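Trainee: Whatever this is, show me its structure:
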Amino acid sequence: MIGWRLYFAFALISTTMISTAQVESRKIPIRYTSPFSGDKMYASYCAACHGDNGKGDGPVAAAMTIPLRDLTTLSKSNKGKLPRTRVFFAILNGKPLRQGEQGNEMPGWAEPFFSLCVGQRGCGAEVQMRVVRLADYLESLQSK
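Mentor: Here you go, the predicted model:
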């Protein structure tokens, strides 16, 4: 349980230290948001980095070394369809940087989401539902 909190705090502190921008960061434990609501989960878990509208302009984005990707163009760069499988696994497992690649690493959300339902029956299904609902919400943000 504590592992993901330390990882999240380390990620926030590291990006803040690397940045030359003056951004205040603080350690905030993940809070429970209904797994049925993609928009509320996005606001709680994603908007700090990706911005309210998915443009990559959240308050933490200023601390990143390279601007975050505009999530509203995921379909546009994939022949008009949201790459759901890639989005699902990027949310669940994160997106590490490849050797020599520059940019910002996307943290995985599997462990934090599991921490919200640990010990409950069907926890794995709940985590998958969270990721699917987030992907559904990202699909609604796609520019036409």
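
Trainee: did I read that right, Gln128 in a strand?
Mentor: No. Applying DSSP: H, G, I helix; E, B strand; the rest coil, one finds Gln128 to be helix, outside a strand.

Trainee: What about Gly119, how many residues nearby?
Mentor: 5 (other Cβ atoms under 10 Å). Placement of C-beta: from N, CA and C, glycine included.

Trainee: give the contact list for it.
Mentor: By Cβ atoms under 8 Å, 6 or more residues apart in numbering, no residues touch Gly119.

Trainee: element containing it?
Mentor: Here Gly119, judged by DSSP states H and E, is contained in no helix and no strand.

Trainee: quick one: low-confidence ranges for this protein?
Mentor: Low-confidence segments of the chain (pLDDT under 70): 1-29, 97, 99-104.

Trainee: And the helices in it?
Mentor: 2-18, 38-41, 47-50, 84-93, 110-117, 123-140 (DSSP state H).

Trainee: Make JSON lines out of the ones you listed and add distance to Leu68.
Mentor: Converted to JSON lines, the helices of the chain look like this (distance: least, Cβ to Cβ, whole Å):
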{"stretch": "helix 2-18", "distance to Leu68": "11"}
{"stretch": "helix 38-41", "distance to Leu68": "18"}
{"stretch": "helix 47-50", "distance to Leu68": "6"}
{"stretch": "helix 84-93", "distance to Leu68": "12"}
{"stretch": "helix 110-117", "distance to Leu68": "19"}
{"stretch": "helix 123-140", "distance to Leu68": "13"}
